[in-house]
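In: Take a look and give me a structure for this.
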Amino acid sequence: MAAHPPKKQKIMQKFREDYSKEWNFITKSKLSECHARCSICDTDIKIGSGGCADLEKHIKTPKQVKFTKIYTLCIIILAKRRFIGK
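Out: So this is what the prediction gives:
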């Protein structure tokens, strides 16, 4: 039998501050360096294998889209209340 070549070690992506600059609702997770935290849907996202691509994938999920719409409406309502003075 032929010997199998050794497996390549996977390089895990780590959280970068650039993620928070691009998406203000993404922060560093307390789980690990390979996770990010979404403050809108209160979820920890694994970013170890894809980094930025994993975050873009999360943003397009139905749960995130729903929570983003609700979050945006709340911001608009609060802004209107402050403007009107109520």
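
In: Let me see the ranges of the helices in this structure.
Out: In the chain, the helices defined using DSSP state H lie at 17-22, 52-59, 62-84.

In: Any idea which of those has the lowest pLDDT on average?
Out: Mean pLDDT is lowest for helix 62-84 among these, at a mean of 86.

In: need the helices of the chain in TSV with mean neighbour count, can you?
Out: (Glycine included, C-beta is placed from N, CA and C.) Shown next, in TSV, are those (neighbours: other C-beta atoms under 10 Å):
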stretch	mean neighbour count
helix 17-22	12
helix 52-59	15
helix 62-84	11
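
In: As a markdown table, those helices with distance to Ile45 would be great.
Out: Listed next are the helices of the chain as a markdown table, based on distance: least, C-beta to C-beta, whole Å:
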| stretch | distance to Ile45 |
| --- | --- |
| helix 17-22 | 10 |
| helix 52-59 | 5 |
| helix 62-84 | 10 |
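
In: for the ones you listed, which one sits closest to Gln9?
Out: Checking these against Gln9 by C-beta to C-beta gives helix 52-59 as the closest, at 19.4 Å.

In: got the CA coordinates for that closest one in CSV?
Out: Output in CSV follows, covering the C-alpha atoms of helix 52-59 (Å, rounded to 0.1, in the frame of the first residue of the first chain):
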residue,chain,number,x,y,z
CYS,A,52,-15.4,37.8,5.6
ALA,A,53,-17.3,35.4,3.3
ASP,A,54,-18.8,33.7,6.4
LEU,A,55,-20.1,37.1,7.6
GLU,A,56,-21.5,38.0,4.2
LYS,A,57,-23.3,34.6,4.2
HIS,A,58,-24.7,35.3,7.6
ILE,A,59,-26.0,38.7,6.6
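
In: returning to what we had before: nearest to Ala3, of the helices of the chain?
Out: helix 52-59 (34.1 Å).

In: and the angle for the closest one with helix 62-84?
Out: For helix 52-59 against helix 62-84, the angle by axes from the mean of the first three to the mean of the last three C-alpha atoms, to 10 degrees is 70 degrees.
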